[in-house]
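A.B. asks: starting from these lines, generate the structure:
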Amino acid sequence: MSGVSLRLRLALIGACAVIVALGAAVLALSLLFGEHVERRAAAEMQVQLDQALAGLAMGLDGLTVATPPGDPRFSRPYGGLYWQIEAGGRTLRSRSLWDLALDLPADRPAGGAPRLQELAGPEGARLLALERVVQLPARLGGGEARAVVAMDRVELSAARAAFVADLWPYLAALALALVAAQIAQLAYGLRPLKRIRERVAALRAGQATRMGKAWPAEMLPLAGEIDALLAAREADIQRARTRAGDLAHGLKTPLQALLGEAEQLRQSGDKRAAVAIEEIADAMRTHVDRELARTRAAAAASRACADVAETVARIHAVLSRTPDGQRLDWRIVVPNSLIATIDPADLAEALGALAENAARHARSDVAIEAKEESGRVQITITDDGPGVPGERLADISQRGRRLDERLPGDGLGIAIATEIVEGAGGRLELCNGKKGFEARIDLTSAKRYDGQATLPA
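C.D. replies: Coordinates of the predicted model:
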């Protein structure tokens, strides 16, 4: 059951609880109704027993029931309602018993109090019987009379079955109401779980920094633990960034010393060695400066927002003045309201590297297009160059890998762009399009309110 949703588990448990509870209710109500019917039947039989005893009279042949109880079932053979009186050596009985007599137990009820019991009736029927022993007056010959009135239990069972049958529609309606209430309870009660999922997704996407405290009491400990974990992670990242910055700063001094050594070599006449050292030192210093800039910007990178149109405009302004950019026709299609969740400097560095690569390989034009779709910002840079052989597409995003060694560059641009985009929670795709080579950046979008870029809550 580990893969079953919590909502389904609770719904199944609730449905089972409703079924069990209603089943128990039906059983309890049926038993209570049966006892009530039995009490009512005993009360009726008490009246009928009194009527039978009151109808006793002394006839020519002895004791008889001159006025029997008026219920027609007493006159119908095996009608389900019977009376019998034993007195003066005679057994008087209702017509419904026909030629049978009730087999009474040997012990008699004492003190004239009625006794409720079960007897065997005609055709093996089970009877509910009320028995009483009374003292006859002298006009009826004196002595004791043992009288009993009995009812077929089938009638009682039929009454209880009819009651349960009438009860089922109401119980079904009650079950539907309970299930509907349970569904509403689950929808409302589990809503915070959906909020937690959305909040964690926002944390992962960099759209929020903390879980906060606006949670039910049962979820506050979980939110607090997540916030504590985030704080510890941020502290670790900050320490790592500080150490990276310190390392970059520590490398700057040796690089300066290395350049000083190169200058001394130049002055001593070894110009070739000096140039080689200076080129290497300049490349290293460029990377150190880049890392220092990224370290300074990284602290706010997870909460930063970049205006895509503004960034693209700056990159175009720079590249259009370069020798490669001046010969190209630039097509820029970027909405002004497009905001991406990435540090502006990082976006500029990534787009700059990709746009510079496109300008270097394009024949006549480069297109930079951007749009927002389903909460994502998609930026596409296309050139009309020869493209990249399919088997080499996976290589160009690796550090230091260049397809054309004759062109200037260090082979780090696309690799750095990939790292920047993935570090911001996005994705960089490289492919050959219809016109040439395409680079597609996919980032989380943000919104703009009152002139400021703001992450969605």
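
A.B. asks: centre of the chain to stretch 166-180, how far?
C.D. replies: Put simply, stretch 166-180 sits 27 Å off its chain's centre (CA atoms, centre = their mean, to the nearest Å).

A.B. asks: quick one: buried residues of it?
C.D. replies: Of the residues in stretch 166-180, 167, 178 count as buried by neighbour count, 16 or more other CB atoms under 10 Å. For glycine as for every other residue, the C-beta is placed from the backbone atoms N, C-alpha and C.

A.B. asks: mean confidence for it?
C.D. replies: For stretch 166-180, the mean pLDDT works out to 89.

A.B. asks: backbone dihedrals for residue 433, please?
C.D. replies: Dihedral angles of residue 433 (phi, psi; degrees, to the nearest 10) stand at phi -90, psi -160.

A.B. asks: leaving out the residues flanking it, which one is nearest to it?
C.D. replies: Excluding the flanking residues, the one nearest residue 433 by CB to CB, 6 or more residues apart in numbering is residue 382, at 5.7 Å.

A.B. asks: what secondary structure does the one you found sit in?
C.D. replies: Assigned by DSSP: H, G, I helix; E, B strand; the rest coil, the conformation of residue 382 is strand.

A.B. asks: looking at it, it is touching residue 431, isn't it?
C.D. replies: No - the pair residue 382 / residue 431 is not scored as a contact, 10.2 Å apart, by CB atoms under 8 Å.

A.B. asks: any common contacting residues for these two?
C.D. replies: Contact with both residue 382 and residue 431 is made by residues 437-438, according to CB atoms under 8 Å, 6 or more residues apart in numbering.

A.B. asks: these two: which is more packed in?
C.D. replies: Shown here are residue 382 and residue 431; by other CB atoms under 10 Å, residue 382 has more neighbours (21 against 12).

A.B. asks: how is this structure carved up into domains?
C.D. replies: 27-159, 205-299, 301-454 (automatic domain parsing).

A.B. asks: residue 92: which element?
C.D. replies: Using DSSP states H and E, residue 92 sits in strand 90-93.

A.B. asks: confirm that residue 58 sits in a strand.
C.D. replies: Yes - counting by three-state DSSP, residue 58 falls inside a strand.

A.B. asks: now do the contacts for it.
C.D. replies: 64, 139-141 are the contacts of residue 58 under CB under 8 Å, 6+ apart.

A.B. asks: recalculate using a threshold of 10 Å.
C.D. replies: Contact partners of residue 58, counting by CB atoms under 10 Å, 6 or more residues apart in numbering, are 64, 66, 88, 136, 139-141.

A.B. asks: do you know how far it is from residue 47?
C.D. replies: According to CB to CB, to the nearest Å, residue 58 and residue 47 sit 24 Å apart.

A.B. asks: again, but for residue 435
C.D. replies: Taken as CB to CB, the span from residue 435 to residue 47 is 105 Å.

A.B. asks: max-length strand in this protein?
C.D. replies: strand 437-449 (DSSP state E).

A.B. asks: got the buried residues for that strand?
C.D. replies: Buried, per 16+ other CB under 10 Å, within strand 437-449: 437-446.

A.B. asks: name every strand pairing with it and say which way it goes.
C.D. replies: Strand pairing for strand 437-449, using DSSP bridges, gives strand 339-340 (antiparallel), strand 376-383 (antiparallel), strand 427-432 (antiparallel), strand 452-454 (antiparallel).

A.B. asks: what's the average pLDDT for it?
C.D. replies: Mean per-residue pLDDT for strand 437-449: 79.

A.B. asks: kindly export it (C-alpha atoms) in CSV.
C.D. replies: Taking C-alpha atoms only, strand 437-449 is exported to CSV below (Å, rounded to 0.1, in the frame of the first residue of the first chain):
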residue,chain,number,x,y,z
PHE,A,437,22.6,26.0,-35.0
GLU,A,438,20.1,26.7,-32.2
ALA,A,439,20.7,27.2,-28.4
ARG,A,440,17.5,27.1,-26.3
ILE,A,441,17.5,28.3,-22.7
ASP,A,442,14.6,27.4,-20.5
LEU,A,443,14.2,29.2,-17.1
THR,A,444,11.5,29.8,-14.5
SER,A,445,9.5,32.9,-15.1
ALA,A,446,8.7,35.7,-12.5
LYS,A,447,6.2,38.5,-12.6
ARG,A,448,6.6,42.3,-12.6
TYR,A,449,4.7,44.5,-10.2
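
A.B. asks: any idea how far that strand is from the middle of the chain?
C.D. replies: Mean C-alpha position of strand 437-449 versus that of the full chain (CA atoms, centre = their mean) differs by 30 Å.

A.B. asks: so which of residue 435 and residue 47 has more stuff around it?
C.D. replies: Legend: neighbour count by other CB under 10 Å for residue 435 and residue 47, higher for residue 435 (15 against 12).

A.B. asks: helices of the stretch 201-350 of the chain, start to end?
C.D. replies: 220-267, 271-298, 308-319, 323-326, 344-361 (DSSP state H, counting those that start in this stretch).

A.B. asks: if you compare these, which one is most tucked away?
C.D. replies: Using mean count of other CB atoms under 10 Å, the stretch among the helices of the stretch 201-350 of the chain with the largest mean neighbour count is helix 344-361, at a mean of 23.

A.B. asks: any buried residues in whichever helix or strand comes after that helix, and which?
C.D. replies: Once helix 344-361 ends, the next helix or strand along the chain (criterion: DSSP H and E) is strand 365-373. For strand 365-373, the neighbour count (16+ other CB under 10 Å) marks 366-368, 370, 372 as buried.
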